[in-house]
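Trainee: task: produce atomic coordinates for the following.
(one chain, ligands or ions: 1)
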Amino acid sequence: MLDQMKARPTIRGNYIDGAWVPAARSFDDLNPSDNSLYAHMPDGSVEDVRRAIAAAKKAFPAWAAQPFHHRAAALHRIAEVWEKRKDDFVAAAVAEGGGWLGKGMFEAGYVGEVFRSAAALCYQNTGEVLPSEHGKLMMAQRVPMGVVSVISPWNMPGILTSRGFAAALAAGNTVVLKPSEDTPYAGGLYFAEILDEAGVPPGVFNVVTCSRESVSEVGDEMIENPDVKAVSFTGSTAVGRHIAAKCGAHLKKACVELGGKDSMIVLEDADLDAAARAANFGSFMHQGQVCMSTEKLLIHEGVWDDFMGRFLDRARKLKTGPTDDKDNVIGPLVNTRQAIRVKALIDDAVGKGARVELGGHAWDNFVEPTVLTHVDRSMDIWHDETFGPVVVALPFRTDDEAIALNNDTEYGLTGAVWSRDEQRALGIAQRLETGIAHVNCQNINDEPHVPFGGVKASGIGRYGGRWSLDAFTELRWITLDRGGRHFPPVF
Ligand code: NAD
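Mentor: The predicted model follows:
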C-alpha cells in the first residue's frame with residue numbers, strides 16, 4: 001500500500017464522449033504534504049466543456065430511454081469496478097488530497113454504496129395517479145431533464161463527486177463533471193476511468209478538469225450553456241451563491257450543498273467520556289475539512305472542567321504530519337492558501353483575547369489540532385467557517401442559551417446534542433436551525449439514502465435517497481381523457 005501511495009496516475013486527457021482528449025494546456029496538481037508535483041492535469045477550456053456538453057446532449061435520448069433495470073445494472077457495474085480498484089482511490093486521496101489513510105479507506109468503502117443506492121432508485125415509482133374531476137387518467141410523472149453539470153469540492157473527492165452525479169444518472173440524465181482543481185484526479189478523472197471500465201456508453205458521463213485560473217469562465221459555461229438543464233454543486237457558500245444566482249437568472253434547477261459552522265451541545269447529564277471522544281472525531285477528522293465538522297463545542301458550565309479535561313487528553317494524542325505515514329491522523333490542509341487562512345483565523349481570535357488550550361502551531365501546510373476558549377462575537381472565528389483543525393469551546397447555563405449560541409450563525413447544516421435524557425435532547429434538536437440534527441452523536445454523519453442538506457446559507461436541495469430525484473427530474477402532469485370533459489355549449 002505504501003508503494004502504491006507513491007504512484008502517480010497516468011493522465012491521458014479529459015474524458016469526453018467516451019474518449020481521452022488531451023487539452024491544449026495543463027496545470028500542476030500538487031501533493032499538499034510537501035507541495036511536490038502529483039500530476040500534470042488538463043487545463044480544460046470553454047471549448048472543451050462545450051464539446052463535453054454536446055456529447056452529453058447526444059447521449060441523453062438513448063440513456064433516458066434505456067429500461068430502468070439496465071441503468072441499475074450499469075450503476076451496479078460501476079460499484080463493482082470501484083470496489084475492485086478501491087486501493088487506487090485510497091492512494092490518490094492520500095497523496096493528492098492530503099487525507100489520512102483511514103479517511104481514504106472510509107471514503108472508498110462509502111462510494112460503492114452511493115452507486116448501489118442510486119441503482120435502487122431506478123426501481124422507485126416514477127409518479128402518482130391523481131383523481132380527476134372529469135374521469136381522466138391523470139398522472140404526475142417524473143422525467144429526466146437532460147444534461148446535468150456537476151461541480152464538486154476537494155475535501156471528500158470520492159463521496160461528494162459520486163453523490164453529485166449518481167442519482168442524476170439513475171434518473172436518466174447525462175453528466176458533465178468538473179472536479180475541484182485541488183483533487184482533479186481523485187474527484188474527477190479517476191471516476192472517468194471507473195465508468196469507462198464499467199462500460200457506461202460514450203457521452204453519458206464526461207469529465208473536464210481545469211485550473212483555478214480557468215474555473216470562472218469554464219464554470220459559467222457549465223451553467224449558462226442552453227443545453228445544460230440542471231446544476232449539482234457542492235462547495236463553499238461564496239461560490240454556491242454565485243452559482244445559484246446564475247441558475248436563477250437562467251431558470252435552471254440547482255442543488256447546492258454549501259458550508260457549515262456546526263455546534264455540538266453537551267448537557268450536564270451527558271455521558272462525558274463518549275461525548276469527548278465524539279467531539280475529538282467531529283472536530284479533527286480530516287483536519288476539520290468537512291462541511292459538517294464540529295466547529296463550536298457548547299458545554300454546560302456544570303461539567304465544563306470534567307468535559308474539557310477528557311477532550312483535551314484525547315486531542316493531545318493526535319499526531320500531525322505528512323500522510324504517507326499512517327500514524328499522522330492530522331495531515332496537511334489542502335493547499336497553502338487554506339493553511340494561511342486558518343492560521344489567520346487563530347491569530348485574529350488570539351489577538352482579540354481568545355486563549356489557546358491546545359495546539360496553535362502551524363508550519364508549511366500543517367496546523368496542529370487547536371482548541372480555543374474565551375471566544376466572542378468580535379472574532380472572525382465565531383462567524384467564519386474555519387475548515388481547519390480548530391474548534392472553539394464555550395460554556396453555557398441553560399438550554400435556551402445553548403440553542404441561541406448554536407443558531408447564532410448564517411449557516412445551518414448540522415447540529416448535535418448530548419444528554420442521557422433523550423426527550424430533552426430531542427426537544428433541543430428540534431429547535432436547532434439546521435437541516436440535520438443528531439442526538440448523542442457528533443456532527444459528521446451521512447448515509448447514501450438519507451435527505452442530506454442544510455438550511456440558511458448551508459444550501460438548497462437535498463442529496464440522498466428518493467429526495468435526490470427532486471433535484472434531477474422534472475415533474476410533469478400528463479392526462480388521458482376518456483370522453484368525460486364537457487365544454488360550454490357555445491363552443
Ligand atoms: P469551492 O467553492 O472553492 O470549490 C468548489 C468547486 O467549485 C470546485 O470544483 C471549484 O473549482 C468550483 N468553483 C470555484 N469557483 C467557481 C466558479 N466561479 N464557477 C464555477 N465553479 C467554481 O469549495 P472547496 O474549497 O472546494 O470546498 C470546501 C467548501 O465546500 C467548504 O465551504 C465546505 O463546507 C463546502 N462543502 C459542503 C458540503 C455540503 O454537503 N454541504 C460538503 C463538502 C464541502
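
Trainee: name the nearest residue to the residue positioned nearest the centre of the chain, sequence neighbours excluded.
Mentor: By CA atoms, centre = their mean, the chain has its centre lying nearest to residue 160, at 4.0 Å. Among residues not flanking residue 160 along the chain, residue 234 sits closest, at 4.8 Å (CB to CB, 6 or more residues apart in numbering). No exception for glycine: its C-beta is placed from N, CA and C like everyone else's.

Trainee: what bridges to the one you found?
Mentor: Applying DSSP bridges to residue 234 gives these bridge partners: residue 257.

Trainee: I figured it was touching residue 260, is that so?
Mentor: No - the pair residue 234 / residue 260 is not scored as a contact, 11.8 Å apart, by CB atoms under 8 Å.

Trainee: which residues are in contact with residue 222?
Mentor: Contacts here follow CB atoms under 8 Å, 6 or more residues apart in numbering; on that basis residue 222 touches 49, 53, 149, 151, 176, 178, 228, 231.

Trainee: if we can go back for a sec, shared neighbours of residue 234 and residue 260, anything?
Mentor: Joint contacts of residue 234 and residue 260 (CB under 8 Å, 6+ apart) are residue 291.

Trainee: so between the two, which is more surrounded?
Mentor: Between residue 234 and residue 260, residue 260 has the larger neighbour count (other CB atoms under 10 Å), namely 30 against 24.

Trainee: wait, is that one part of a helix?
Mentor: No - assigned with DSSP: H, G, I helix; E, B strand; the rest coil, residue 260 falls outside any helix and is coil.

Trainee: what about it, distance to residue 92?
Mentor: 25 Å (CB to CB, to the nearest Å).

Trainee: now the nearest residue to residue 296 once chain neighbours are set aside, which residues is it bridged with?
Mentor: Spatial nearest neighbour of residue 296, chain neighbours left out: residue 263 (4.1 Å); criterion: CB to CB, 6+ apart. Taking DSSP bridges as the rule, residue 263 bridges to residue 296, residue 415.

Trainee: what sits against residue 263?
Mentor: Counted by CB under 8 Å, 6+ apart, residue 263 has contacts 294-298, 405-406, 415-416, 443.

Trainee: from the contacts of residue 222, which is closest to the ligand?
Mentor: residue 151 (4.8 Å; CB to the nearest ligand atom).

Trainee: need the pLDDT of the nearest residue in space to that closest one that is not next to it in sequence.
Mentor: Nearest residue to residue 151, sequence neighbours excluded (CB to CB, 6+ apart): residue 233, at 4.8 Å. Residue 233 is assigned 98 on the pLDDT scale.

Trainee: run a quick neighbour tally on residue 233.
Mentor: Neighbour tally, residue 233, other CB under 10 Å: 28.

Trainee: check residue 54 too.
Mentor: Neighbour tally, residue 54, other CB under 10 Å: 18.

Trainee: so it makes contact with residue 227?
Mentor: Yes - Residue 54 lies in contact with residue 227 (CB under 8 Å); the separation is 7.2 Å.

Trainee: downstream neighbour of the helix or strand of the chain with the lowest mean pLDDT in the secondary structure list?
Mentor: Lowest on mean pLDDT, DSSP states H and E among the helices and strands of the chain sits helix 2-6, with a mean of 59. Under the assignment DSSP states H and E, the closest C-terminal helix or strand after helix 2-6 is strand 14-16.

Trainee: from the contact counts, what lies against the helix or strand that comes right after that following strand?
Mentor: Next along the chain after strand 14-16, taking DSSP H and E as the criterion, comes strand 19-21. If you count contacts as 3 or more CB pairs under 8 Å, 6 or more residues apart in numbering; DSSP states H and E, strand 19-21 packs onto strand 14-16.

Trainee: circling back to that earlier point, run the chain-centre distance for the helix or strand harbouring the residue nearest to the centre of the chain.
Mentor: Residue 160 belongs to helix 157-170 when assigned by DSSP H and E. Chain-centre distance of helix 157-170: 9 Å, with CA atoms, centre = their mean, to the nearest Å.

Trainee: now do stretch 113-124
Mentor: Using CA atoms, centre = their mean, the offset of stretch 113-124 from its chain centre is 18 Å.

Trainee: name the residues of it that are buried.
Mentor: 113-122 (16 or more other CB atoms under 10 Å).

Trainee: among these, which are located in helices?
Mentor: Using DSSP state H, 113-121 are the members of the buried residues of stretch 113-124 that sit in helices.

Trainee: where does residue 1 land on pLDDT?
Mentor: Per-residue pLDDT puts residue 1 at 55.

Trainee: how about low-confidence regions in this protein?
Mentor: Along the chain, the model assigns pLDDT under 70 to residues 1-6.

Trainee: repeat the analysis, applying 80 as the threshold.
Mentor: Counting by pLDDT under 80, the low-confidence segments of the chain come to 1-7.

Trainee: fine, thanks again, bye for now.
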